[in-house]
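Participant: got a structure for you, letters missing:
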Ligand SMILES: CC/C=C\C/C=C\C/C=C\C/C=C\CCC(=O)SCCNC(=O)CCNC(=O)[C@H](O)C(C)(C)COP(=O)(O)OP(=O)(O)OC[C@H]1O[C@@H](n2cnc3c(N)ncnc32)[C@H](O)[C@@H]1OP(=O)(O)O
Ligand SMILES: Cc1cc2nc3c(=O)[nH]c(=O)nc-3n(C[C@H](O)[C@H](O)[C@H](O)COP(=O)(O)OP(=O)(O)OC[C@H]3O[C@@H](n4cnc5c(N)ncnc54)[C@H](O)[C@@H]3O)c2cc1C
């Protein structure tokens, strides 16, 4: 008798859900942060999913031009809905998230507006923000140049003050000074916050921000002296190609003096440069803000990939029966679990550390308002380090999820290739991950050097103050082992640098070790914040237990993956390392019956997930089959090109065979 495999697969997800040992609705609240957050997200996700304009299943088949136009259409429609429905800022931002198509809007809200808020005076904010809030102007963030991205102090664009006219002259003196990469610049933006070297009274005062109009508000044509366009196609089909990353050159473009962002420093009518009493690093404030939001985004991207891979692994069956009986769900294979469950745990870990980072950022911002700059370094180290570690891990994890889905994971309809292509530049933008980790390492070295002077480290570096204890202790397998590993790696680096002829040379020589020390420090933060989370009062049947399991999985997996560090620094014995691995295997067995429910708790609609493999109903095979027929190649039975290229070839073979 023919078995209806499709119906059986659907039943499988129902059975998986029934087997879960915790309250999924309560876990949704733990994941989202509150009942309110679940409800708003749910409403916005459904609003987007039910609107045909937001359709995205055909995205990978569109040409670049059509994709870009589709992005403009979606952005305009999203704005129309936001205005019509009078959505709050929270609702509007969620709606944009669920539209799920990178575009100029991300940079307008994500960087242009924050740059003006952070670096503009009150007067400047009053003038520019209402225009931006109503989309009467569209802005982007033009910092990176063709020749320099990481090295912000090396930017070449100039802004020279002309006291005769009370204007700045913005100029691109070389090819390498062309602005290159800014999202939204290529085709959409009318304005940009441009970072340029401020020159006044013949002196170069370094990098400052300026608001510059680029295009006419009448017909969108570039203003005189402005050359701009798109920088070209990027990695993957669909994916980040919806974004118009741009190139921009200035030929002596004049802007009024009051378009220099003057909160941090000013140029007077006479051309005098006046430095405010705030640290100059606040110029980098927009990057700090975006880095913390990128950490929150990491858990979103990772949880999407994991949701697809877990559901599909519960549906997919291979081997296990020699006599025609049911085969084994691939989710039951120990190898599948040991590859997948650490990623599931990482999604939760990144979510909670992202929430904490958001709290830290808000706290630092409030302190800055009352001129307390004491936590600026902590904010920089945490945002830079967490951005680097979470984005690298997430990019690797999405690719691992693709492999976990076997051949079908390679199809666009799995959603994973596009997710990877959209996500992977997060390892580069907003600071290359290596460059950012070296920033963390510098701060670690500074902290170690201050230990002898008796200065007590604070915040996430406070553990380094326990130096006497941590350098000697034999650790149990818990946070202390992570603290000892991080501290000992940092101290080793500092000792090695100390032996070099000078500090800079030592830092340069030891930079590969410094990277690893920085990663160890950041992983300690992630583990610590996860532990703090599970120590909170978490309502709902079984929810706390599940989170405790995932926390242990994250910690033990990290330990297992970096066992070399723990052993080399003597933070663990080989026996402890082996025991930790044993324990990890046992934890996977506890996660297994809850895996599907744990990804259901992310509460993603099928629209947002965009994957036939990750469908909520588990009806994978009919959907895959149906999806294939939608490909433009299947519009005709006989392909275009048959008459030109296939038929002559086949006829020729026929003639040859008759010879
Ligand atoms: C609604 C949507 C919301 C959000 C959007 C979400 C996601 C966005 C989506 C997509 C993103 C798309 C595009 C991304 C856009 C971009 O990529 S914009 C460009 C980003 N560019 C970079 O990140 C450049 C990286 N480089 C740097 O940050 C700096 O050049 C550097 C930090 C590497 C080096 O700086 P320098 O001034 O040269 O030197 P230093 O000697 O190393 O540092 C001097 C001191 O300053 C401290 N410091 C450095 N950075 C910061 C900071 N950000 N904050 C605070 N302090 C900082 C440093 O620690 C030194 O301190 P000392 O005490 O030792 O003097
Ligand atoms: C999709 C995307 C969107 C972007 N959007 C914007 C935007 O909106 N606005 C904007 O201004 N910019 C934007 N950027 C630019 C982005 O911020 C830069 O690409 C990023 O900061 C990295 O700089 P870079 O390209 O100069 O890399 P490079 O610094 O040239 O990196 C090349 C290699 O050199 C290494 N390296 C560099 N410096 C060091 C060092 N000191 N020590 C050791 N190794 C080092 C790096 O690790 C990397 O391996 C975007 C980029 C991308 C990919």
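Facilitator: Received it, and whenever you're ready, just let me know what you need. From a predicted model like this one, the values you see are computed outputs, not experimental measurements. Ligands and ions are numbered 1, 2, ... in the order given.

Participant: So which residues on the stretch 251-400 of the chain come close to ligand 2?
Facilitator: By the rule Cβ under 6 Å from any ligand atom, no part of the stretch 251-400 of the chain lies against ligand 2. Backbone N, C-alpha and C define where each C-beta goes, glycine included.

Participant: Pull the number of nearby residues for the closest residue to ligand 2 within the chain.
Facilitator: For the chain and ligand 2, the shortest gap (Cβ to the nearest ligand atom) falls at residue 149, measuring 2.3 Å. When neighbours are counted by other Cβ atoms under 10 Å, residue 149 registers 18.

Participant: Dihedrals phi and psi, it?
Facilitator: phi -130, psi -60 (degrees, to the nearest 10).

Participant: got any ranges where the stretch 351-500 of the chain has weak pLDDT?
Facilitator: The stretch 351-500 of the chain contains residues with pLDDT under 70 at 476-477.

Participant: where do the helices sit along it?
Facilitator: With DSSP state H, counting those that start in this stretch as the criterion, the stretch 351-500 of the chain has helices at 376-404, 416-423, 433-451, 467-472, 479-498.

Participant: Can you add mean neighbour count and give those helices back as JSON lines?
Facilitator: Formatted as JSON lines, the helices of the stretch 351-500 of the chain follow (neighbours: other Cβ atoms under 10 Å):
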{"stretch": "helix 376-404", "mean neighbour count": "24"}
{"stretch": "helix 416-423", "mean neighbour count": "23"}
{"stretch": "helix 433-451", "mean neighbour count": "20"}
{"stretch": "helix 467-472", "mean neighbour count": "14"}
{"stretch": "helix 479-498", "mean neighbour count": "22"}
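
Participant: of these, which approaches residue 101 most closely?
Facilitator: Residue 101 lies closest, by Cβ to Cβ, to one member of the helices of the stretch 351-500 of the chain: helix 416-423, at 9.2 Å.

Participant: Give the other helices and strands that the closest one contacts.
Facilitator: Here helix 416-423 touches helix 285-315, helix 376-404, going by 3 or more Cβ pairs under 8 Å, 6 or more residues apart in numbering; DSSP states H and E.

Participant: Can you check what angle separates the longest one from helix 433-451?
Facilitator: Helix 285-315 and helix 433-451 are oriented at 120 degrees to each other (axes from the mean of the first three to the mean of the last three Cα atoms, to 10 degrees).

Participant: what's in contact with the following helix or strand past helix 285-315?
Facilitator: Next helix or strand after helix 285-315 toward the C-terminus (DSSP states H and E): strand 317-318. Contacting residues not belonging to strand 317-318 are listed as 326, 327, 328, 329, 330 [Cβ atoms under 8 Å, 6 or more residues apart in numbering].

Participant: about what we covered before: can you read off the pLDDT for the residue of the chain closest to ligand 2?
Facilitator: Confidence at residue 149, expressed as pLDDT, is 97.

Participant: Can you tell me the closest non-neighbouring residue to it?
Facilitator: residue 181 (7.1 Å; Cβ to Cβ, 6 or more residues apart in numbering).

Participant: returning to that earlier point: output the helices of the stretch 351-500 of the chain as TSV; include the columns distance to residue 185.
Facilitator: Below are those laid out as TSV (distance: least, Cβ to Cβ, whole Å):
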stretch	distance to residue 185
helix 376-404	22
helix 416-423	19
helix 433-451	22
helix 467-472	48
helix 479-498	39
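
Participant: closest to ligand 1 out of those helices?
Facilitator: Among the helices of the stretch 351-500 of the chain, the nearest to ligand 1 by Cβ to the nearest ligand atom is helix 376-404 (3.5 Å).

Participant: Does the closest one reach ligand 1?
Facilitator: Yes: between helix 376-404 and ligand 1, judged by Cβ under 6 Å from any ligand atom, the touching residues are 376, 380.

Participant: Which neighbouring elements make contact with that helix?
Facilitator: Right, helix 376-404 is packed against helix 285-315, helix 334-369, helix 416-423, helix 433-451, helix 511-534 by 3+ Cβ pairs under 8 Å, 6+ apart.

Participant: and the angle from it to helix 416-423?
Facilitator: Put simply, helix 376-404 runs at 160 degrees to helix 416-423, going by the same axes, to 10 degrees.

Participant: picking up where we left off before, adding distance to residue 103, write the helices and strands packed on helix 416-423 out as TSV.
Facilitator: Formatted as TSV, the helices and strands packed on helix 416-423 follow (distance: least, Cβ to Cβ, whole Å):
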stretch	distance to residue 103
helix 285-315	15
helix 376-404	20
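
Participant: which SSE is residue 123 in?
Facilitator: For residue 123, the host element (DSSP H and E) is helix 122-133.

Participant: distance between that helix and the chain's centre?
Facilitator: Its chain's C-alpha centre and that of helix 122-133 lie 28 Å apart, by Cα atoms, centre = their mean, to the nearest Å.

Participant: What subset of the contacts of strand 317-318 is buried?
Facilitator: Neighbour-count burial (16 or more other Cβ atoms under 10 Å) applied to the contacts of strand 317-318 gives 329, 330.

Participant: which of the contacts of strand 317-318 lies closest to ligand 1?
Facilitator: Closest approach between those and ligand 1, by Cβ to the nearest ligand atom: residue 330, at 33.7 Å.

Participant: Got the confidence number for the closest one?
Facilitator: pLDDT, read off for residue 330, is 97.

Participant: Tell me who's in contact with it.
Facilitator: Contacts of residue 330 by Cβ under 8 Å, 6+ apart are 313, 316, 317, 318, 336, 406.

Participant: Any of those residues buried? List them.
Facilitator: Taking 16+ other Cβ under 10 Å as the criterion, what is buried in the contacts of residue 330 is 313, 316, 317, 336.
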